[in-house]
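# Need coordinates for the following:
(one chain, ligands or ions: 2)
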Amino acid sequence: MAHRITVVLAQGQSRHPAKKKLEEEIVSQLLCEPSLEVVVVSHLYDLSADGPGMLCLQGIAGDMIVLSWMYPRAARWTLARNAIQGQEGLTLLTEQAEGEKADEIPTDNHGEDAPHLIDSLKIPLRKIYCLDLRLRKEAKVYLQEIRRISEEAKITIIEPALGNITGDASSSRIPKSNGKAPGKPVIIKEETKRRWYPVIDMSRCTNCMECIDFCLFGVYGVDRTEMILVEQPDDCRKGCPACARVCPENAILFPQHKTPAIAGSQKTADDLKIDLSKLFGAMEPVDAMDLAIRERDEELMLTGREVVGRNGTGNAMAEMGTDRDGEQPAQHTTEKDDLDHLMDQLDQIDL
Ligand code: SF4
Ligand code: SF4
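Numbering: from 1, shown residues only. Ligands and ions are numbered 1, 2, ... in the order given. Sure, this is the predicted structure:
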């Protein structure tokens, strides 16, 4: 049987002509490659867990190359949370500057000795390569890398399943290699809306539960084996990245956040807990926890709830004997302090 690999192109949210052109050029060129299946889905992050896009991707059993408008780390763990798992395929197309050595993401000391969630997962041997479409504007760069990967891939595609497929697929299954009509991709049509929710990088997460303690919107939960999970993703407050700053392992991503460290950049993963006072060279030091509390409490106020401040957070909650449902005494803060003023400045400069 021929070794084949599936290329998934996850479209951007934007209808920007240059982005659409890049997507179209890549897909049209890939259709000339006999060893590749081509599947087009809507924006990866916005796909619903039980929609046709995710169901189709779950049905792909062999190696995959996933092109999306997200950092590869964010794409990988977005797929993983939807039971689309595989070994991390290494790509030469990275955000590292040319000639710069690609390092592993550094970790904080907190989790050095603690087991990570990934250690408890049974990850299939197939590989998933994630490429970031924001890296380069030229289709040929992606095509070269896809060809290189497909050369090294030694996997036979097993027939995937599931329906709502248009374009080349006349049945409810993605055609096998010998059934694929040339010149047409498999297009999975799915209406999506823009979503906002945390994605957990399980290679870094130590299951410490800081996030579930911190979030007062019920987004996090635990599974039957007491492992952290994003249980109610759509209850997350749009634009709020607070828990990403609280996680001691920098394991929480918001792929659509404008700050690379929060969105899943490999290069800046440890810049997340920057001391913001360094940006201004004055005032009291502002740490990530202060910023996170501020962001969360703003969301609480927007929903008409009382702010809880630092007393509503993690260990402080435990010390007060409160539970995870946020039943703490409220701390009203009506007068602006130094932190408030600093945050106003931050809002204005749009970091
Ligand atoms: S804060 Fe949450 S995501 Fe981060 S390491 Fe702890 S359990 Fe994992
Ligand atoms: S703390 Fe904020 S960003 Fe994190 S899950 Fe809860 S609502 Fe979402």
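# C-alpha only now, for contacts and for neighbours.
Noted.
# all strands of this protein, in order?
In the chain, the segments counted as strands under DSSP state E are 5-10, 36-41, 64-68, 87-88, 127-132, 165-167, 186-188, 199-200, 220-222, 228-230, 252-253.
# Is the last one in proximity to ligand 2?
No. Using C-alpha under 6 Å from any ligand atom as the criterion, no contacts between strand 252-253 and ligand 2 are found, and the smallest distance is 8.6 Å.
# now check stretch 302-313, is it near ligand 2?
No. Contact of stretch 302-313 with ligand 2 (C-alpha under 6 Å from any ligand atom) is absent, the minimum separation being 10.3 Å.
# Just list the residues touching the nearest residue to residue 251 once chain neighbours are set aside, thanks.
Closest residue to residue 251 apart from its sequence neighbours, by C-alpha to C-alpha, 6 or more residues apart in numbering: residue 201 at 4.8 Å. Taking C-alpha atoms under 8 Å, 6 or more residues apart in numbering as the contact definition, residue 201 lies against 73-74, 77, 251-253.
# And residue 201, how far from residue 51?
Residue 201 is 23 Å from residue 51, where distance means C-alpha to C-alpha, to the nearest Å.
# What's the local residue count around the nearest residue to residue 237 once chain neighbours are set aside?
Leaving aside its sequence neighbours, residue 237 sits nearest to residue 299 (C-alpha to C-alpha, 6+ apart; 6.9 Å). Counted with other C-alpha atoms under 10 Å, residues neighbouring residue 299 total 22.
# Out of the contacts of residue 201, the closest to residue 62 would be?
Nearest to residue 62 among the contacts of residue 201 is residue 77, at 17.7 Å by C-alpha to C-alpha.
# near ligand 2, which residues of the stretch 101-250 of the chain?
198, 215, 217, 219, 236-237, 240-243.
# Quick one: find the helix or strand in this structure with the lowest mean pLDDT.
Within the chain, no helix or strand scores below strand 165-167, which has a mean of 38 by mean pLDDT, DSSP states H and E.
# Can you give me the domain boundaries for this structure?
5-188, 209-247+274-349 (automatic domain parsing).
# give me the low-pLDDT residue ranges for the stretch 251-351 of the chain?
Under the criterion pLDDT under 70, the flagged ranges of the stretch 251-351 of the chain are 268-286, 312-351.
# who in it is up against ligand 2?
residue 296.
# who in the chain is up against ligand 1?
Near ligand 1, when you scan the chain using C-alpha under 6 Å from any ligand atom, you find 200, 205-211, 228, 247-249, 251-252.
# redo that, cut-off 5 Å
Proximity of the chain to ligand 1, by C-alpha under 5 Å from any ligand atom, involves residues 205-211, 247.
# for residue 20, what are its contacts?
Counting by C-alpha under 8 Å, 6+ apart, residue 20 makes contact with residue 12.
# meant to ask about residue 140, not that
Going by C-alpha under 8 Å, 6+ apart, residue 140 touches residue 26.
# any idea how far it is from residue 25?
Distance, residue 140 to residue 25, using C-alpha to C-alpha: 9 Å.
# Switch the residues of the stretch 101-250 of the chain next to ligand 2 over to a markdown table; also include distance to residue 153.
Shown next, in a markdown table, are these (distance: C-alpha to C-alpha, whole Å):
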| residue | distance to residue 153 |
| --- | --- |
| 198 | 31 |
| 215 | 42 |
| 217 | 43 |
| 219 | 38 |
| 236 | 38 |
| 237 | 40 |
| 240 | 39 |
| 241 | 37 |
| 242 | 39 |
| 243 | 38 |
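# ok, back up a step: so which of the strands of the chain is the most packed in?
strand 252-253 (a mean of 28; mean count of other C-alpha atoms under 10 Å).
# So which other helices or strands are in contact with that strand?
strand 199-200, helix 242-246, helix 260-263 (3 or more C-alpha pairs under 8 Å, 6 or more residues apart in numbering; DSSP states H and E).
# Give me the residues contacting the longest one.
Pointing back at helix 242-246 there. 198, 210-211, 214-215, 250-254, 262, 272-273, 288-289, 291-293, 295-296.
# let's go with 6 Å and repeat that
211, 252, 288-289, 292, 295-296 (C-alpha atoms under 6 Å, 6 or more residues apart in numbering).
# For the stretch 101-250 of the chain, just list every one of the helices.
Shown for the stretch 101-250 of the chain, the helices assigned by DSSP state H, counting those that start in this stretch span residues 139-152, 210-214, 242-246.
# which of those sits most buried?
Per residue and on average, the most neighbours among those fall to helix 242-246, with a mean of 26 (mean count of other C-alpha under 10 Å).
# State the mean pLDDT of it.
Computed over helix 242-246, the mean pLDDT rounds to 93.
# For that helix, output the C-alpha coordinates as PDB.
Taking C-alpha atoms only, helix 242-246 is exported to PDB below (Å, rounded to 0.1, in the frame of the first residue of the first chain):
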ATOM      1  CA  ALA A 242      -6.200  35.800  33.400                       C
ATOM      2  CA  CYS A 243      -5.600  32.200  34.200                       C
ATOM      3  CA  ALA A 244      -2.800  32.000  31.700                       C
ATOM      4  CA  ARG A 245      -0.900  34.300  33.900                       C
ATOM      5  CA  VAL A 246      -1.600  32.300  37.000                       C
END
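# and stretch 7-18, what's its mean pLDDT?
93.
# Contacts for it next, please.
For stretch 7-18, using C-alpha under 6 Å, 6+ apart, the contacting residues are 38-44, 64-69.
# Just the closest of those to ligand 2, please.
Using C-alpha to the nearest ligand atom, residue 44 comes nearest to ligand 2 of the contacts of stretch 7-18, at 18.8 Å.
# Thank you, goodbye.
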